[in-house]
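**Q** Quick one: sequence and predicted model below, then my questions.
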Amino acid sequence: MNSASDSATEPFLVFGSPLIEQAEIDEVTACMRSSWLGTGPRVAQFEQDFAKYQTLVPNKVAAVNSCTAALHVSMVAANLEPGSEVITTPLTFCASVNAIIHAGLTPVLADVDPRTQNIDPSAIEAAITSRTRAILPVHFAGRPCEMDQITAIADKYNLVVIEDCAHAIETTYHGRKAGTFGDFGCFSFYATKNVATGEGGMIVGRDEALIARAKVLALHGMSKDAWHRFGDQGYKHYQVVEAGFKYNMMDLQASIGIHQLARVEANWKKREAIWARYLQAFADLPIGLPATPAADTRHAYHLFTAFIEESHCGISRDAFLDAMNARRVGTGVHYLSVPEHPYYQQRYGWKPEQWPNAMNIGRQTVSLPLSPKLSDPDVERVIDATIHSLRG
Ligand SMILES: *Cc1c(COP(=O)(O)O)cnc(C)c1O
C-alpha cells in the first residue's frame, strides 16, 4: 500500500466526513414519527444544550439553518446604516464576505498573521475609516483570534463585533468561549463542521433583546413561531413586525445536532490525537505545519493545514492535491484568499497581492483529513499518502 497503484484499490477517503452514530439516526426517526419536522421542541432542546455548552443563558442563543444565515441576520439585527464598512479577513470562506454584502454593508479586508492565519489586529486598525462600523473576525481552523486586542480596537472606535465561529465550537481564549467576546457569535453545523446537522447554524449574543430580534428576523419577521402557533397551547395569531428571512432550523436538523453536541468533547479528543500524530509523522518533511496553539487558549482542531511551498517541497500545491487524490485521499483548500475570486475583483477592484499573507497561504495550503471518523489505519494512510506524494 506504499504505492499509488496499490492504494487505488482502496475506498476513497472522503475529506471532512461526519461521524454519525445510532443516537442521531434514532432521534431523526423519532422526530419523523412525531410528525413535527419543522421548528419545534427539538430545536428548543438543541438551543438549550448549546447554550449550556457555551455557558450562556438560553435566551442568548438562536438556532438558524446555516452560519451564513447567522452572520446575515446578526448584521441586520445590529442595525448598521447601509454602506457601513465591516472589516474581515481575506482568508475565509466566501460566506463571511457575502453575508456582509447581503446586509447592505461594504466588506473591507485586513490581512492575516502568516503564522496563526488569523486576522492581524494591527491590520484591522490600519483599515479603519470614518465609515467603519463593525469587525468580523474568523477563528480560522479553530484557533482563536487575538480577542483582547480586537475588543480593545472595537471599544476604542465603537465598533460592533461579529465573530465567525464556524470552525470554533470548542475554542476558548483566555478562559472564555469563542463567540462570547463580540456582540454576536455565529456557528456552523454544516456537514463537515465539528458538530454536524447537514445544514445548520446558531447565533449567540451578548444582548437578549438583539437575539430576540434575530429570532424574529430568521422567521419571516413573525412575532410567533409555528410551534407557538400550532402547538398544544391552542392557535395564536402572529404579527409580522419586519420583513424577515426564512432562516429557521428544523427539528429534523436539531435531532442530529442534539446527539452530535453530546459527543463534541469526545470528538475533539479524537481530532486532537490525529493532529498530534500528524505533527509527529511530518516533523522531518519539508512541508510547513500549523503553529502550536498559544498559551491559555484552546484550539478546536477543525482543520489541519499544511503548506506546500514548491521551492522546498519540489512539488506545487496543486500537484500535491492531485497526487493525494490519486492515492484516494480527499483533501481540502482553506482557502484561496477572497480576492482571488472574480466577483470581488470586479466589484471592489481587489487584487490578491494587496493582502500578501492571505494570498501566499491560499496558494500553498492544503487541509488533510481530520474527521473523528478516521480509524487509526485511515490516519496512517493519510500519512503514507502525504509522504509518498511529496516524493513524487
Ligand atoms: C462553513 C463556514 C461558513 C458558512 O457556514 P454555513 O453553515 O455553511 O453557512 C462561514 N464561515 C466559515 C469560516 C466557514 O468555514
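**A** Structure received.
**Q** What does the pLDDT read for the closest residue to residue 249 other than its chain neighbours?
**A** Distance criterion CB to CB, 6 or more residues apart in numbering; nearest residue to residue 249, sequence neighbours excluded, is residue 63 at 4.0 Å. Placement of C-beta: from N, CA and C, glycine included. Per-residue confidence (pLDDT) for residue 63: 98.
**Q** what helices or strands is the host helix or strand of residue 63 leaning on?
**A** In this structure, residue 63 sits in strand 61-64 according to DSSP states H and E. The contact analysis (3 or more CB pairs under 8 Å, 6 or more residues apart in numbering; DSSP states H and E) places strand 61-64 against helix 41-53, strand 201-205, helix 208-217.
**Q** Could you say which of those is packed most deeply?
**A** strand 201-205 (a mean of 28; mean count of other CB atoms under 10 Å).
**Q** could you give the mean pLDDT of that one?
**A** 98.
**Q** List of residues touching it?
**A** With contact meaning CB atoms under 8 Å, 6 or more residues apart in numbering, strand 201-205 is reached by 47, 50-51, 54, 56, 60-70, 73-74, 179-180, 183-189, 211, 214, 249.
**Q** Give me the distance from that strand to the chain's centre.
**A** Here strand 201-205 is found 12 Å from its chain centre; the criterion is CA atoms, centre = their mean, to the nearest Å.
**Q** ok, now stretch 109-122?
**A** 17 Å.
**Q** same question, stretch 363-383
**A** 19 Å.
**Q** How about stretch 132-144?
**A** Centre to centre, stretch against its chain (CA atoms, centre = their mean), the figure for stretch 132-144 is 10 Å.
**Q** picking that back up, for residue 131, find the nearest of the helices and strands packed on strand 61-64.
**A** helix 208-217 (21.9 Å; CB to CB).
**Q** What is the neighbour count of the residue nearest to residue 249?
**A** 28 (other CB atoms under 10 Å).
**Q** swap in residue 11?
**A** Residue 11 has 7 nearby residues by other CB under 10 Å.
**Q** about what we covered before: which other helices and strands contact the next helix-or-strand element following the strand holding residue 63?
**A** On the C-terminal side of strand 61-64, the nearest following helix or strand under DSSP H and E is helix 67-77. For helix 67-77, the packing partners by 3+ CB pairs under 8 Å, 6+ apart come out as helix 94-102, strand 160-164, strand 184-188, strand 201-205, helix 208-217.
**Q** Please repeat the previous calculation with a cut-off of 6 Å.
**A** On a contact count with 3 or more CB pairs under 6 Å, 6 or more residues apart in numbering; DSSP states H and E, helix 67-77 meets helix 94-102, strand 184-188, strand 201-205, helix 208-217.
**Q** Which strands or helices does the longest one pack on?
**A** Using 3+ CB pairs under 6 Å, 6+ apart as the contact test, the elements touching helix 208-217 are strand 61-64, helix 67-77.
**Q** Report the rounded mean pLDDT for that helix.
**A** 96.
**Q** For that helix, give me every contacting residue.
**A** 59, 60, 62, 73, 76, 77, 203, 205, 244 (CB atoms under 6 Å, 6 or more residues apart in numbering).
**Q** And for the fourth one, the neighbour number?
**A** Neighbour count of residue 73, defined by other CB under 10 Å: 27.
**Q** returning to that earlier point: what about the ligand: which of the contacts of strand 201-205 touch it?
**A** Within the set of the contacts of strand 201-205, contact with the ligand (CB under 6 Å from any ligand atom) is found for 66, 67, 68, 188.
**Q** Residue 103 contacts residue 77, doesn't it?
**A** No. Here residue 103 does not reach residue 77: they are 9.6 Å apart, not a contact under CB atoms under 6 Å.
**Q** rewinding a little: buried only: go through the contacts of strand 201-205 for me.
**A** 47, 50-51, 54, 56, 60-70, 73-74, 179-180, 183-189, 211, 214, 249 (16 or more other CB atoms under 10 Å).
**Q** list the contacts for residue 259?
**A** 23, 24, 27.
**Q** Against residue 49, how distant is residue 42?
**A** 10 Å (CB to CB, to the nearest Å).
**Q** Could you do residue 33 as well?
**A** 21 Å.
**Q** Please apply the same query to residue 36.
**A** 18 Å.
**Q** Now name the helix or strand holding the closest residue to residue 185 other than its chain neighbours.
**A** Nearest in space to residue 185, with sequence neighbours left out and distances taken as CB to CB, 6+ apart, is residue 179 at 2.4 Å. Here residue 179 is covered by no helix or strand, with elements defined by DSSP H and E.
**Q** could you give the mean pLDDT of stretch 84-104?
**A** 98.
**Q** Could you show which parts of the protein are in contact with the ligand?
**A** Going by CB under 6 Å from any ligand atom, the residues of the chain near the ligand are 66-68, 92-93, 95-96, 138, 164, 166-167, 188, 190, 201.
**Q** Spit out the contact partners of residue 130.
**A** Residue 130 neighbours (CB under 6 Å, 6+ apart): none.
**Q** quick one: secondary structure of it?
**A** coil (DSSP: H, G, I helix; E, B strand; the rest coil).
**Q** Please tell me how far it sits from residue 336.
**A** 31 Å.
**Q** quick one: which of residue 103 and residue 77 has more around it?
**A** Set residue 103 next to residue 77 and count neighbours by other CB under 10 Å: residue 77 wins out with 27 against 22.
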